[in-house]
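**Q** below are the sequence and a predicted model; questions follow.
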Protein chains: 2
Amino acid sequence: MADIGKFKALYADKISKLDGNRSSPRFGDLVGIPESVKVKEHLVPLAGGQPFETLFPFKEIEVEYSDTPGQLGCEYSKEITKKTYRIPLYRTQEEESDIAHAFQYQFSRGSDEVLKKTRMIIEALNKPGYEGWDTVLTSGSSDSMNKIFSLLVDEDTTVLLEEFTYPNVFHNCYYHGGLITKIKMNVTANRDEQGINIEYLRDLLDNFETYFPERKKKVVLYTISTGHNPTALTESYEKRKIIYNICKEHGVFIIEDDPYGYLQLPTYNKENPLDNPYEDRITIDDFKTKLLIPSYVTIDDCGIVLRMETFSKVASPGFRLGFIVANKFFTTRLANINNMTNRNPSGPSQAVLNNLLNELSINYKETNPDALFIDGWINWCMKVAGEYTHRRNVLFQYLYATEAFKRDYFELLEPSCGMFATIIIKLLPLHVEVKGAHDKQERINKIKRAMDYCLCCVLEAGSVPVLGYKMTVSKEFSMERANFFRITFAKASSNEEFKRGAKGLSDGILKFFEEYGTDKERWNLLSTGLVGM
Amino acid sequence: MADIGKFKALYADKISKLDGNRSSPRFGDLVGIPESVKVKEHLVPLAGGQPFETLFPFKEIEVEYSDTPGQLGCEYSKEITKKTYRIPLYRTQEEESDIAHAFQYQFSRGSDEVLKKTRMIIEALNKPGYEGWDTVLTSGSSDSMNKIFSLLVDEDTTVLLEEFTYPNVFHNCYYHGGLITKIKMNVTANRDEQGINIEYLRDLLDNFETYFPERKKKVVLYTISTGHNPTALTESYEKRKIIYNICKEHGVFIIEDDPYGYLQLPTYNKENPLDNPYEDRITIDDFKTKLLIPSYVTIDDCGIVLRMETFSKVASPGFRLGFIVANKFFTTRLANINNMTNRNPSGPSQAVLNNLLNELSINYKETNPDALFIDGWINWCMKVAGEYTHRRNVLFQYLYATEAFKRDYFELLEPSCGMFATIIIKLLPLHVEVKGAHDKQERINKIKRAMDYCLCCVLEAGSVPVLGYKMTVSKEFSMERANFFRITFAKASSNEEFKRGAKGLSDGILKFFEEYGTDKERWNLLSTGLVGM
């Protein structure tokens, strides 16, 4: 409670008008009973409408799992990896999820056992730099984002977004009334430079009153700083410290969305493309201390960072299960928003995940007795990251061998994290030439039209990437840097499919370079509106 | 699409300002590709960031279940009822949920197989009276309520609430800006009369401009018309038709929240308290046609009713799984709200439920070949209702045998549906006498103070009910009818516990009548604020 009060004193006047007024007292709570009333212990529960657990049809759940993710192109083989764990009707050991609780109503912040695991994950990997933080469960990162915006954003709030970002973010932000303002990014292979353009951010905040004389200086920054979507870039720790300090100086809350952070990808080895350091050289300590780039929360010394994590990418998206790390005033407010809207995340999702975490931890500690409880889970994350590294290697090997690459028609930005990569199409002057030198809109239209044409060629050749410009906050602002496709190595099912995917990209790009801007053009594409947005 | 357009034309200008502007185009959609582009079949998926399903740790889930709910006081016995079904990695039969889909990203409206089942339930039990309806999944009824208010309620909207209701409803409504207006209820044992006071409703709507000259006439009615919370009353079909026509005449949307509807309770038999007609006399056709009171959607001929159902009470609250029935324009808007906020309900929840529904249906049809597919599920609902009937019988038997009842200190309103009952405390003039005859506030304070005192006595005697006045929209308006406790027969674990629960209530009430308003009063209770609200 002391922590809540401390942060409430600091930040109560920074939250949205909506949330500042929002309360949902639990009507079933007994409050204010005089002390002299001798309330009996073990009251017969005639109040809350919870069905008794034997009325649930479910008696026990057994989950067959593998502690090794399936390899590319290999069917899952029962013989090799079959292990099981249970969700019993009543728990048989501490920290176990059972049907009686998981299938019942829960507290809105989530079940104690899963909350405890999320705190362990944060303690082990990204311990905040201040006392008084906590976690709160949500129904995945979309839910987290919606609730954080509901907590912090109203029509007085400027929301800084990276110029390229996940479109649901700006759609959602818009409906909370936020004043969306884009931040220039460095879309570059240089790992010291990539991510938010610091000079742009600093200038914008230093001169906020000049740029936005009509606005209050009430600002939040939403950032995907690790394995960014769509560019797949990752900000260096040095840059994070600088950005944090700029934000702190200007009273800016940092919303750090990190769905991909555990999918660390070691540097691609062009000499030996299928080399995968996860197979033999990366220890759990390497992973924790060398690969993972520390979160903004580790730098935070005053509770201005809200970090969003999810179990979607390393366990299963269908869980709809994620969590937020923040100061306790914010986590309490967020739990209250849970209570007023969709309540706690699914109990079955929590139970299936929680007992898996127990299982992985217990198994891991058998051969590593000194390990932390949560290391079994981190070990699983590393295995998944190893699989993504292999998938990345396979796709990149094919891409670098393509004719289009050899002809220098595209550049591949290699990601250090996540499931995406960026293919920059090296548009020629003839593709985008503009008659009037200062006709900016005409140049934007030309770049869009060229990329649309290129996409059509790729679709004919059999692959489907995402157009970079479809993930811009403002086409006007970003089109000059939006001549790229986002591609993923998450979804293909086999070596063969990746080979065809790379060939489809290459063939399409070759066709584009052969036809576009010449009399061979086959489609009379409009300069706007082709693929919607 | 034609249906969407039809209802859009009718109701697009009736939705909230927020939702009227809300859109979230799926950025991955390919739209506007010229027809002459020969998009290849079987594109290699390099676009969407879905993890490949073999990367999920889960390979198969086996659920042990019972097709008979556990009986009061009986431990679940494995020997008798053990049955199992599976959630395989890849489906082996039509309409089966599998891990590859359930644990993956899904469409925001929910999985096709569960949506299909919800449509079957509605077709079989409450078929809407018009063409062009549909269902959309949500993460339970709290989620449904929040989203329906987001769709329909803004600061111009008057929200009519029953004067007694679930407090989260008015808290949530308030934060959508709604102008909350209470409707008087008939809290009576007369089943033709109970529920919304029709004259009050009609007068309010007929004279809306007089009562609320400053408001627009943009009105929605939120109602729990079956097994109402907290009073447990149910509105007759005749009353529903009248209320529907009043609402239709005045352009009022009806939000029908029906979490308890399948828990039909046959009349309590005082001569033979443990008589349970579900054991031998109620057929599935009786249940469908005689017990269930048809929903407002069955009366609806123009798509103004939004019906909320949930799997919380008849399957498991922890699922966080419910659905909304409405016209297709509304269900499309609601799916869009899903997409922008917490997306689809948990995949594991959907899979565990869906395959249970299949299992129950297939088993049921073995002995009833002419049954509808969904009848297996309805049969399960009847069994749960039978268990609630038994629990109701046990509790009522004890309550009617208590000393406090014999002394006529309370009246028990018998519910025909749900998990709650109402205990009206027959306050005496000496409990609530007011010096100034017209001092209304003083009388309100007196009733509150008396009920608070009575609660303290009951807590000392070992039971915990809910104070009726804590579930009022306005204490000022309703206190005259709020001299009751809500009790439930859902949560106790045994016959013995119900016996103690009834004794606790009775002993507490006896003590109240012995002490209150006399010089034996032990607590100097304030007239306001005692148990919060």
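**A** Great, that's in hand. Numbers count the residues shown, from 1 in each chain, chains lettered A, B, ... in the order given.

**Q** tell me the contacts of whichever residue of the stretch 401-533 of chain A sits closest to chain B?
**A** For the stretch 401-533 of chain A, the residue closest to chain B is residue A:501, as judged by C-beta to the nearest C-beta, at 3.6 Å. C-beta coordinates here come from the backbone N, C-alpha and C atoms, glycine included. Residues near residue A:501 by C-beta atoms under 8 Å, 6 or more residues apart in numbering or on different chains: A:395, A:398, A:462-463, A:487, A:492, B:44-46.

**Q** which one of these sits closest to residue B:110?
**A** residue B:45 (22.5 Å; C-beta to C-beta).

**Q** and for that closest one, the neighbour number?
**A** Neighbour count of residue B:45, defined by other C-beta atoms under 10 Å in any protein chain shown: 19.

**Q** and the nearest residue in space to it that is not next to it in sequence, what pLDDT?
**A** Leaving aside its sequence neighbours, residue B:45 sits nearest to residue A:491 (C-beta to C-beta, 6 or more residues apart in numbering or on different chains; 4.4 Å). pLDDT recorded at residue A:491 is 92.

**Q** what's the answer for residue A:82, then?
**A** 79.

**Q** where does the stretch 401-533 of chain A dip in pLDDT?
**A** Applying pLDDT under 70 to the stretch 401-533 of chain A flags the ranges A:437, A:527-533.

**Q** tell me where it has helices.
**A** A:403-406, A:429-432, A:440-461, A:475-478, A:495-515 (DSSP state H, counting those that start in this stretch).

**Q** how about the ones you listed in TSV, adding distance to residue A:208?
**A** Below are the helices of the stretch 401-533 of chain A laid out as TSV (distance: least, C-beta to C-beta, whole Å):
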stretch	distance to residue A:208
helix A:403-406	43
helix A:429-432	34
helix A:440-461	25
helix A:475-478	18
helix A:495-515	42
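
**Q** follow-up on the earlier one: show me the contacts for the residue nearest to residue B:45.
**A** B:45-46, B:48-52.

**Q** most neighbours, which of those residues?
**A** Most surrounded of those: other C-beta under 10 Å gives residue B:46, at 28 neighbours.

**Q** leaving out the residues flanking it, which one is nearest to the spatially most central residue of chain A?
**A** Taking C-alpha atoms, centre = their mean, the centroid of chain A lies closest to residue A:259, which sits 2.4 Å from it. Nearest residue to residue A:259, sequence neighbours excluded (C-beta to C-beta, 6+ apart): residue A:310, at 5.0 Å.

**Q** okay, now the domains of chain A?
**A** Under the assignment automatic domain parsing, the domains of chain A span A:107-356+A:373-384, A:427-515.

**Q** would you map the helices across the stretch 101-250 of chain A?
**A** Counting by DSSP H, counting those that start in this stretch, the helices of the stretch 101-250 of chain A are A:112-125, A:141-152, A:167-175, A:198-206, A:208-211, A:237-249.

**Q** pLDDT averaged over the longest helix seen in chain A - what is it?
**A** Across chain A, the longest stretch assigned as helix under DSSP state H is helix A:375-400. Helix A:375-400 shows a mean pLDDT of 97.

**Q** which other helices and strands contact that helix?
**A** When contacts are defined as 3 or more C-beta pairs under 8 Å, 6 or more residues apart in numbering or on different chains; DSSP states H and E, helix A:375-400 sits against helix A:112-125, helix A:284-286, helix A:347-367, strand A:410-413, strand A:420-425, helix A:495-515.

**Q** that one: which residues count as buried?
**A** Within helix A:375-400, the residues that count as buried by 16 or more other C-beta atoms under 10 Å in any protein chain shown are A:375-399.

**Q** per-residue pLDDT, the residue lying closest to residue A:147 once chain neighbours are set aside?
**A** Nearest non-adjacent residue to residue A:147, counting by C-beta to C-beta, 6+ apart: residue A:337, 4.8 Å away. Note on residue A:337: pLDDT of 96.

**Q** what's in contact with whatever helix or strand residue A:337 lives in?
**A** Assignment of secondary structure by DSSP states H and E places residue A:337 within helix A:328-340. The contact list for helix A:328-340, computed with C-beta under 8 Å, 6+ apart, reads A:3-8, A:10-12, A:15, A:19, A:22-24, A:26, A:107-109, A:132-138, A:147-148, A:150-151, A:303, A:306, A:324, A:326, A:344, B:142, B:146, B:168, B:171-172, B:175.

**Q** now those residues: which count as buried?
**A** Among the contacts of helix A:328-340, those scoring as buried are A:3-4, A:6-8, A:11, A:15, A:19, A:22, A:24, A:108-109, A:132-138, A:147-148, A:150-151, A:303, A:306, A:324, A:326, A:344, B:142, B:146, B:168, B:171-172, B:175 (criterion: 16+ other C-beta under 10 Å).

**Q** sitting in strands, which of these do you find?
**A** A:133-138, A:306, A:324, A:326 (DSSP state E).

**Q** which among the residues you listed gets closest to chain B?
**A** Using C-beta to the nearest C-beta, residue A:138 comes nearest to chain B of those, at 7.8 Å.

**Q** what about the residue nearest to that closest one when sequence neighbours are not counted, how many neighbours?
**A** Distances taken as C-beta to C-beta, 6+ apart place residue A:144 nearest to residue A:138, at 4.4 Å, with adjacent residues excluded. Other residues lying near residue A:144 total 26 when counted by other C-beta under 10 Å.

**Q** give me the distance between residue A:144 and residue A:324.
**A** Here residue A:144 is placed at a distance of 5 Å from residue A:324 (C-beta to C-beta, to the nearest Å).

**Q** what do those two both touch?
**A** Common neighbours of residue A:144 and residue A:324 (C-beta under 8 Å, 6+ apart) are A:138, A:308.

**Q** state the mean pLDDT of the longest strand anywhere in chain A.
**A** Criterion DSSP E: the longest strand present in chain A is strand A:58-65. The average of the pLDDT scores along strand A:58-65 is 97.

**Q** cool, stretch A:270-287 as well?
**A** Mean pLDDT, computed over stretch A:270-287, is 96.

**Q** what does that stretch contact?
**A** Counting by C-beta under 8 Å, 6+ apart, A:264, A:266, A:269, A:291, A:371, A:375, A:378-379, A:382-383, A:385-386, A:389-390, A:393-394, A:396-397, A:400 sit against stretch A:270-287.

**Q** buried residues of that stretch, list them for me.
**A** For stretch A:270-287, by 16+ other C-beta under 10 Å, it's A:273, A:275-276, A:278, A:282, A:284, A:286-287.

**Q** that concludes my questions; thank you for your assistance.
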